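Q: Next input, structure requested:
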Amino acid sequence: MIKIAPSILSADFANLERDIRRVAAADYLHVDVMDGSFVPNITIGIPVVAAIRKVTELPLDVHLMIDRPVRYVEQFCQAGADIVTVHVEADTQENTRRALALIRGQGKRAGVVLKPGTPAEAALPFLDSCGIILVMTVEPGFGGQKFMADMMPKLERLRGWIDERNPGCELEVDGGMDPVTCKTVIASGANVLVAGSAVYGAEDIPGRIRELRG
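A: Numbers count the residues shown, from 1 in each chain. So this is what the prediction gives:
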């Protein structure tokens with residue numbers, strides 16, 4: 001089954017509860033956390049995740065675009081995150097392993113994220129510890145970027161390794177999703193699609209979610 005995770009980065013933050021309820025037909029709610037250091041933008045933090053938790057039953061898929069995420073993963077879990085993903089580029093392998101262990105220790109699903117310039121092989125040391133792997137098909141930090149079709153071989157390699165070593169792990173894609181690009185990433189092995197403007201910019205949001213599922 002293809003799952004859709006609308007990104008609240010494209011929501012109206014002055015009406016965040018309303019816009020979260022508008023995507024109730026989705027599977028996950030994607031929450032982008034940026035610190036202004038790992039990426040050149042600042043978004044939201046732990047208190048907002050806690051507030052979001054109170055107004056939706058959707059699993060919260062929290063993508064940490066922050067330096068040394070091991071410092072904060074437990075707090076995000078305790079604030080209500082159901083899935084927490086950390087960038088392999090954001091810390092040492094040792095600390096990334098520790099971050100994944102801390103997330104799992106909170107009873108949550110842990111995962112790693114790969115930026116466009118990071119090879120698929122960078123996920124291999126963590127594959128057995130992941131419930132999800134997220135591949136960025138845009139540079140992290142800002143919404144509305146153009147989809148990078150040249151990331152598809154990376155997706156295909158990861159899908160092969162997941163099927164072989166950890167079949168329960170989901171393969172997620174974030175960046176430039178629309179009714180056309182969704183077909184490309186699904187064909188390349190992704191089963192969770194993060195979509196921001198493609199969902200929130202649609203006149204019929206539940207219809208767009210169905211369309212993105214393919």
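Q: contacts and neighbour counts: CA atoms only from here.
A: OK.
Q: Next up, the contacts around the residue nearest the centre of the chain.
A: For the chain, the residue sitting closest to the mean C-alpha position, by C-alpha atoms, centre = their mean, is His63 at 5.0 Å. By C-alpha atoms under 8 Å, 6 or more residues apart in numbering, His63 lies in contact with His30, Val31, Asp32, Val33, Val84, Thr85, Val86.
Q: Tell me which two of these sit farthest apart.
A: Spatial extent of these (C-alpha to C-alpha) is set by the pair His30 and Val86 at 13.5 Å.
Q: returning to that earlier point: sitting in strands, which of the contacts of His63 do you find?
A: His30, Val31, Asp32, Val33, Val84, Thr85, Val86 (DSSP state E).
Q: neighbours of the third one, just the number please.
A: Just to be clear, that refers to Asp32. 21 (other C-alpha atoms under 10 Å).
Q: repeat for the second one
A: Here the count is done by other C-alpha under 10 Å, and Val31 has 26 residues near it.
Q: distance of it from Met1?
A: 21 Å (C-alpha to C-alpha, to the nearest Å).
Q: what's the answer for the fourth one, then?
A: As judged by C-alpha to C-alpha, Val33 and Met1 stand 27 Å apart.
Q: Those two: who's more crowded?
A: Between Val33 and Met1, counted using other C-alpha under 10 Å, Val33 has the larger neighbour count: 22 against 7.
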